[in-house]
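Asker: Kindly return the folded structure for what I paste below:
(one chain, ligands or ions: 1)
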Amino acid sequence: MRGQSSTLELTPAQHSVVEQPWDARTLVTAGAGAGKTTTLTHRLEHLNRAEELSASEILVLSFSRAAVRELRDRVDRLAKTSRSVRAQTFDGWALAVLRQADPGREDLEGASFDDRIAMATEAIAAGVLDSFEFGPPAHVVIDEVQDLVGVRRAMVETLLAEYRDNCGFTVVGDAAQSVYGFQIQDADERAWETNRFFGWIRESFPEDLVEVTLSENFRARTEEARIALPLGPRLQSLPKGRAEATTEACGILDDLRGLLDSTPDFGDLSDLFVQQSLRIPDLSTAILCRDNGQVLWLSDRLRHAGIPHGIQRSPRSRPVPPWVAWLLEQGGGAVIDEQRFKSLVEGASLHGADLAQLWRSLRRVASAPRSRLDLAALRRAVAEGRMPEELTIGRSPDLLLSTVHRAKGLEFDRVLVATDDVTGRPYGDDPDLPAEARLLYVAMTRARDDLFRLSLPRWRRISKGGRLTFPVDRWWLGGVKDYQRNGLEALETDVDHAVPAGAGTADFAAPDVQWYLRDRVGFGDEVELRLLHELPMAEDETPPYAILHGETMIGEASAGFRRDLLRVLRVNRAWELRRGYPQVITGLRVDAVETVAGSSAVAERAGLGDTGVWIAPRLCGLGRFRWSCGAEEGNSVS
Ligand SMILES: Nc1ncnc2c1ncn2[C@@H]1O[C@H](COP(=O)(O)OP(=O)(O)OP(=O)(O)O)[C@@H](O)[C@H]1O
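Answerer: Numbers count the residues shown, from 1 in each chain. Next up is the predicted model:
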């Protein structure tokens, strides 16, 4: 996000962290906006320049991809020597360790993220890092350690314990901001995990742990942006027992809600003046919601009002930009040098990109001897989802809709905290009040200047799982009656990647569609899904849907989408198709055009060369069902 200066004066406390020797063990704790991430970026620069650690000797881990990107952007802006130091997510690093330990390992594809982390932990405990070309890291840097729980916590503890004699670390976190609910389902286990890593660090390195607390706040530039900060220390020191923590959190939550009520209400989104104030360019604004149902509902409203906005992607989402497909198509499976790379990407519209930086990043995933790049290895990295953060599509729209979880570590000029009846009373049957309080605290501490409330109506008819006979793991839109089905959330996996768009159709040729996607389709464009015929693809799927951009078919809905759609439509076990399938699904938008990898034979048959990569749209938003081919029903979600 914006607002970071590369010339800011560090405080003495920040300096004391930055200038520790490479083998020091440092724990930094602080409240929101106290400059933890900033300190880390300077620390990386110091380790690299003054302590002379090379990029390969410094391991930088963070929880979410948004945080990784934020850290990387800040290091880039600081722009001295440490640019080549790369931040990774825990999941990304675990996979890289497993791949490097055994490139032929076949049990990774079907393994869950948590399974891979557990496998990597086992490998680290068995000393696998010693066998790597660059050996184990000399220094480990971790941001947001308050979220380090479960298998990821165990992996980091194993790493730091295994190399305790020759590895320093700098870990930073704020116990008041630990919001990791989706990682651990059980409330008792969550209570037990909270802040456990802080305790482990203190107990494991009692002799030489350097502990520094940063106490200033640099983010909030106005009184209203500062209102929640005084509650940080209370949240940091919640009692350990679940019952006591709940009682204390209940009071904090009341205080936070009272403070939020005292902020100005942003107004009704149907008001033209309110809409206009969301269009102010160059003012970064986030609308922070407690769940994706709220995000989708708001996105639908903004779409109807024609207000450009982005939806924050899942932390695991990693779309690869279209120029990578171009590079692979042009270069085949060759091994190329930097000169050849530059000439190949000339036609790929990479205006303003730092080609030298891209080359270095590409070589990190697909290096070949004598400073060259192995394009076959690059294709494998795309297929296996191993592209590093800096080679994935990022964006910072002026207006971002996000859950609070996904906005951790980020900051914005203006923040609107979405509130509804749920914010005013416990969430779910077994509310986790400490987690609720921390979530609201994180939301209320993201603003640099302006903090508002954005009131949502109580009844939005959008839910997840809930009343469905056949539950799906996505949001869907109901109606006044229980049996009504009006819409479904689009996920990043909803575009079929088995076949390139246009292949096998009479009206569109795959190479033409590729050109169209590259030249005509962009972030935020509206698309609709149209039923291709009435014959289901399988017993548990609907018939196929084409993805249309205007009148051009740019893809087909995936089997996963068709399955979930059928499950949502089947209101009970004896369901019969009375109303038919939705003829059209409107309201969806293009989140990105991305490079995808599939079968080489399929690509070749479609006239796209034999590298088996092509580009495809990625969708987002709330799709609304239309049962006939007429006009859209209703104006927006009500
Ligand atoms: N010494 C400093 N002087 C001026 N501004 C600073 C200083 N340190 C940090 N900042 C600014 O303060 C803001 C918050 O810093 P940063 O994001 O590093 O805090 P944080 O502790 O990581 O926040 P959070 O935990 O809430 O995400 C940033 O805009 C950063 O540029």
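Asker: Please make it C-alpha for all contacts and neighbour counts, starting now.
Answerer: Will do.
Asker: give me the beta-bridge partners of the closest residue to residue 462 other than its chain neighbours?
Answerer: With CA to CA, 6 or more residues apart in numbering as the criterion, residue 462 has its nearest non-adjacent residue at 4.5 Å, and that residue is residue 477. Beta-bridge pairing for residue 477 (DSSP bridges): residue 462, residue 487.
Asker: and residue 477, what does it touch?
Answerer: 461-463, 485-488, 624 (CA atoms under 8 Å, 6 or more residues apart in numbering).
Asker: Among these, which one lies nearest to residue 353?
Answerer: residue 488 (36.7 Å; CA to CA).
Asker: quick one on the thing from earlier: which two in the contacts of residue 477 are spaced the farthest apart?
Answerer: Maximum distance among the contacts of residue 477 (CA to CA): 13.9 Å, for 463 and 624.
Asker: So the two - more neighbours on which side?
Answerer: residue 624 (27 against 17; other CA atoms under 10 Å).
Asker: Report pLDDT for the more buried one.
Answerer: pLDDT, residue 624: 95.
Asker: In terms of helices and strands, where is it?
Answerer: Taking DSSP states H and E as the definition, residue 624 sits inside strand 622-626.
Asker: which residues touch that strand?
Answerer: With CA under 8 Å, 6+ apart, strand 622-626 has contacts from 296-297, 299-300, 477, 485-490, 582-588, 632-633.
Asker: Now go through the residues you listed and say which are in helices.
Answerer: 296-297, 299-300 (DSSP state H).
Asker: Filter these down to the buried ones.
Answerer: Buried members of the ones in helices among the contacts of strand 622-626, scored by 16 or more other CA atoms under 10 Å, are 296-297, 299-300.
Asker: what does the chain put close to the ligand?
Answerer: The chain comes close to the ligand at residues 3-5, 8-11, 32-38, 218-219, 409-410, as judged by CA under 6 Å from any ligand atom.
Asker: Filter those residues down to the buried ones and hand me the ChimeraX line.
Answerer: Buried residues among the residues of the chain next to the ligand (16+ other CA under 10 Å), as a ChimeraX selection:
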select :32,33,34,35,36,37,38,219,409,410
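Asker: now, which of the residues of the chain next to the ligand lie within strands?
Answerer: Assignment to strands by DSSP state E places none of the residues of the chain next to the ligand there.
Asker: Can you flag which of the residues of the chain next to the ligand belong to helices?
Answerer: Checking these against DSSP H, those in helices are 36-38.
Asker: what about the residue lying closest to residue 138 once chain neighbours are set aside, how many neighbours?
Answerer: Nearest residue to residue 138, sequence neighbours excluded (CA to CA, 6+ apart): residue 167, at 4.6 Å. Neighbour count for residue 167, taken as other CA under 10 Å: 21.
Asker: buried sites along the helix or strand encompassing residue 251?
Answerer: In this structure, residue 251 is located in helix 242-261 according to DSSP H and E. By neighbour count on 16+ other CA under 10 Å, the buried set for helix 242-261 is 242, 245-246, 248-250, 252-253, 256-257, 260.
Asker: Of those residues, which is the nearest to residue 376?
Answerer: residue 242 (52.4 Å).
Asker: Let's verify the one residue sitting closest to the centre of the chain: helix, strand, or coil?
Answerer: With distances taken as CA atoms, centre = their mean, residue 315 lies nearest the centre of the chain, 2.3 Å away. When classified by DSSP: H, G, I helix; E, B strand; the rest coil, residue 315 comes out as coil.
Asker: That one and residue 406 touch, don't they?
Answerer: Yes. Contact criterion CA atoms under 8 Å: residue 315 and residue 406 qualify, at 6.9 Å.
Asker: what sits against residue 554?
Answerer: Applying CA under 8 Å, 6+ apart, the residues near residue 554 are 501-502, 513, 517, 546-548, 616-617.
Asker: Spell out the secondary structure type for it.
Answerer: strand.
Asker: ok, so what distance separates it from the ligand?
Answerer: Distance, residue 554 to the ligand, using CA to the nearest ligand atom, to the nearest Å: 39 Å.
Asker: Helices of the stretch 251-400 of the chain, start to end?
Answerer: 272-277, 292-304, 322-331, 338-344, 355-366, 375-383 (DSSP state H, counting those that start in this stretch).
Asker: I'd like those helices laid out as TSV, including mean pLDDT.
Answerer: Output for these, formatted as TSV (pLDDT from 0 to 100):
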stretch	mean pLDDT
helix 272-277	95
helix 292-304	94
helix 322-331	94
helix 338-344	94
helix 355-366	89
helix 375-383	93
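Asker: Tell me which of these sits nearest to residue 570.
Answerer: Using CA to CA, the helices of the stretch 251-400 of the chain put helix 292-304 closest to residue 570, at 21.0 Å.
Asker: What's the local residue count around the residue nearest to residue 420 when sequence neighbours are not counted?
Answerer: Leaving out its chain neighbours, the residue that sits closest to residue 420 by CA to CA, 6+ apart is residue 456, at 5.1 Å. By the criterion of other CA under 10 Å, residue 456 has 18 neighbours.
Asker: Does the longest strand seen in the chain pack against any helices or strands, and if so which?
Answerer: Of all segments of type strand in the chain, defined using DSSP E, the longest is strand 584-597. Applying 3 or more CA pairs under 8 Å, 6 or more residues apart in numbering; DSSP states H and E, one finds that strand 584-597 contacts helix 322-331, helix 375-383, strand 526-531, strand 613-620, strand 622-626.
Asker: Let me see the mean pLDDT of it.
Answerer: pLDDT averaged over strand 584-597 gives 96.
Asker: What are the buried residues along it?
Answerer: For strand 584-597, by 16+ other CA under 10 Å, it's 584-597.
Asker: and if you look at stretch 386-404?
Answerer: Buried-residue list, stretch 386-404, by 16+ other CA under 10 Å: 386-392, 394, 397-404.
Asker: which non-adjacent residue is nearest residue 53?
Answerer: The nearest residue in space to residue 53 (CA to CA, 6+ apart) is residue 47, at 5.7 Å.
Asker: what about the protein, any weak spots by pLDDT?
Answerer: Low-confidence segments of the chain (pLDDT under 70): 1-7, 64-84, 181-185, 187, 421-430, 459-460, 466, 577-578, 629-638.
Asker: try 50
Answerer: 1-5, 422-424, 426, 633-638 (pLDDT under 50).
Asker: Residue 229 versus the residue in the stretch 251-400 of the chain positioned nearest to the ligand, what's the distance?
Answerer: As assessed by CA to the nearest ligand atom, the ligand sits closest to residue 284 within the stretch 251-400 of the chain, at 12.7 Å. Between residue 284 and residue 229 the distance is 21 Å, computed by CA to CA, to the nearest Å.
Asker: got a list of what residue 274 touches?
Answerer: 266-268.
Asker: Just the buried ones from these?
Answerer: residue 266.
Asker: What is the neighbour count of residue 87?
Answerer: Neighbour tally, residue 87, other CA under 10 Å: 27.
Asker: Contact partners for residue 337?
Answerer: Counted by CA under 8 Å, 6+ apart, residue 337 has contacts 371-373.
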